[in-house]
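Colleague: I would like the atomic coordinates for the input below:
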Amino acid sequence: MKPVLFVMTLLLTGPALADDWPDVPVPDGVKREWVADRMLFNGVAMRIFTFNYPRDVEQLKRFYAKAWDEQGRDHKEARQGEWWVLSSLRGDYYTTVQITDLAGTTYAQVGVSRITDLRTSAPPGEGVPALPRSQVISDITAEDAGRPSRTVILRNQHSVGSNYNYYLNHYRSRHWTAVRKNLDQSRRGARISLAKDDREMDIVIKRQGRDVNVMTVEVHR
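Modeller: This next block holds a predicted model:
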């Protein structure tokens, strides 16, 4: 729930690709836990970290309001269910701080994104094969331990079997090797693992109501 809510909120807000990214202050004694310091979400560069704060939500809200006031930055505050969302725009960078009470401690998720990327980035899902009338939900590029990866999630109303056959045939025709493949008997889910040279591809297909969700994960070894 926490990561999903945060990423959806950050559709207009993201990894440190340069050293000129603004620093986001945190209270004394707080330890940042990096979710992503090098990440592209739908073409927008993002950096994301989280932390736990031993005091209550109101005190953390006041901390950021004071910090941004002292910097002369405009900022806004809104409520989304159990979350408080604080945001501030400065130059090309948009900062979002999401705060909630979590089991008696205050939990915060902080993101910074370079909004100029919204005007220059390629469309999400570009270059990724898909059946007609598929909708791209998200396109995330990241790097973990020196291994670049790209995760694309899309949705359509074709059957699980149609998606399974489409992706299996598409990659086989381009000389990928199917390492593992499985289409369950109920045809409500399928998985394909492929490899080619220094690349690995994992495709998960699952029915959800009337829709079928497809997640493709490509990793360079």
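Colleague: make it CA atoms for all contacts and neighbour counts henceforth
Modeller: Will do.
Colleague: residue furthest from the geometric center of this protein?
Modeller: Taking C-alpha atoms, centre = their mean, the residue of the chain most remote from its mean C-alpha position is residue 185, at 31.6 Å.
Colleague: distance of it relative to residue 179?
Modeller: Using C-alpha to C-alpha, to the nearest Å, we find residue 185 at a distance of 20 Å from residue 179.
Colleague: pretty sure residue 40 sits against residue 148.
Modeller: No. Applying C-alpha atoms under 8 Å, one finds residue 40 not in contact with residue 148, separated by 11.3 Å.
Colleague: care to break the protein down by domain?
Modeller: Domains of the chain are assigned by automatic domain parsing as 2-120, 135-220.
Colleague: out of those domains, the one nearest residue 128 is which?
Modeller: Residue 128 lies closest to domain 135-220 among the domains of the chain, at 7.9 Å (C-alpha to C-alpha).
Colleague: pLDDT-wise, which helix or strand of the protein ranks last?
Modeller: Within the chain, no helix or strand scores below helix 2-9, which has a mean of 44 by mean pLDDT, DSSP states H and E.
Colleague: where in the chain is pLDDT low?
Modeller: For the chain, the stretches with pLDDT under 70 are 1-19, 118-121, 144-145.
Colleague: what secondary structure does the residue farthest from the centre of the chain sit in?
Modeller: coil (DSSP: H, G, I helix; E, B strand; the rest coil).
Colleague: could you number the chain from 27 rather than 1 from now on?
Modeller: Understood, numbering begins at 27; the last thing we discussed is residue 211.
Colleague: how about the helices in the protein?
Modeller: 28-35, 83-96, 143-146, 186-198 (DSSP state H).
Colleague: which strands and helices sit next to the longest one?
Modeller: Just to be clear, that refers to helix 83-96. Contacts defined by 3 or more C-alpha pairs under 8 Å, 6 or more residues apart in numbering; DSSP states H and E place helix 83-96 against strand 119-128.
Colleague: helices or strands up against the strand it packs on?
Modeller: helix 83-96, strand 109-116, strand 131-140.
Colleague: just the CA coordinates of the longest one, formatted as CSV?
Modeller: Once side chains and other backbone atoms are set aside, the C-alpha atoms of helix 83-96 remain, and they are given as CSV (Å, rounded to 0.1, in the frame of the first residue of the first chain):
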residue,chain,number,x,y,z
VAL,A,83,2.4,13.8,12.6
GLU,A,84,1.6,17.5,13.5
GLN,A,85,5.2,18.1,14.7
LEU,A,86,6.6,16.7,11.4
LYS,A,87,4.2,18.8,9.4
ARG,A,88,5.3,21.9,11.3
PHE,A,89,9.0,21.0,10.7
TYR,A,90,8.5,21.1,6.9
ALA,A,91,6.4,24.2,7.0
LYS,A,92,9.0,26.0,9.0
ALA,A,93,11.9,24.7,6.8
TRP,A,94,10.2,25.8,3.6
ASP,A,95,9.1,29.2,5.1
GLU,A,96,12.8,29.9,6.0
